[in-house]
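**Q** structure for the following, please:
(one chain, ligands or ions: 1)
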Amino acid sequence: MQKTIPKRKLDYEQMFKATIERDKEFDGIFYVGVLSTKIYCLPSCKARKPLKKNIIFFETRKNAIFKGFRGCKRCRAGYFPDESPYWFDSVCTLLKNEVERKLTEKDLAQVASVNISTIRRYFKIRFQLTPLAFHRKLRLQYARKLIETGEKYRSVSSRCGFRSSSGFRKAFTKEFGLSPGQVQRVQ
Ligand SMILES: [Zn+2]
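**A** A predicted model of the protein is given here:
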């Protein structure tokens, strides 16, 4: 069943419940620090759970490290999510190869054979972007390359899967701090 990640801030009891249930959906959303050992874990860690009084929660890994906690060797909390999930390569390949059209979340879920919420969550944690925003960045980089190699920027917009040239101009300028026309002129 698809679970949605709560957008609001989690309270202590919610985090405690996710920890006891070893709920994978919360990995990367918060970290579980064990006061008696100064080790931090992912909520889903298979190790025996500490007593409630010994648990402290961190919103980010950085906070845990800052407080002197070390990553658990068992759940490899210190490396999460740097080790890519098995579906990541197939999604990345699709995103990189299809820079001439706008992909949908359905395309991604299909090639990965996982739920789109899993893909979204992983991208959010790893890149602070949705997968589609990530893809738009790739299309904009491709567009810039085309312009730099002499293609007229007016035709580049549709070639890179943008529906309107004004939307393209706006996104391009936001991404590079230069409009497509400016990039073309410096060539
Ligand atoms: Zn652990």
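**Q** tell me what the helix or strand where residue 154 lies is packed against?
**A** Using DSSP states H and E, residue 154 sits in helix 153-159. The contact analysis (3 or more CB pairs under 8 Å, 6 or more residues apart in numbering; DSSP states H and E) places helix 153-159 against helix 131-148, helix 165-176, helix 180-186. From N, CA and C alone the C-beta is placed, and that goes for glycine too.
**Q** and it, C-alpha only, in PDB?
**A** This file holds the C-alpha atoms of helix 153-159, laid out as PDB (Å, rounded to 0.1, in the frame of the first residue of the first chain):
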ATOM      1  CA  TYR A 153      17.300  29.400 -29.100                       C
ATOM      2  CA  ARG A 154      13.800  29.800 -30.500                       C
ATOM      3  CA  SER A 155      13.800  26.200 -31.800                       C
ATOM      4  CA  VAL A 156      15.500  24.800 -28.800                       C
ATOM      5  CA  SER A 157      12.600  25.200 -26.500                       C
ATOM      6  CA  SER A 158      10.300  22.700 -28.100                       C
ATOM      7  CA  ARG A 159      13.200  20.400 -28.900                       C
END
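**Q** rewinding a little: nearest to the ion, of the helices and strands packed on helix 153-159?
**A** The ion lies closest to helix 131-148 among the helices and strands packed on helix 153-159, at 27.5 Å (CB to the ion).
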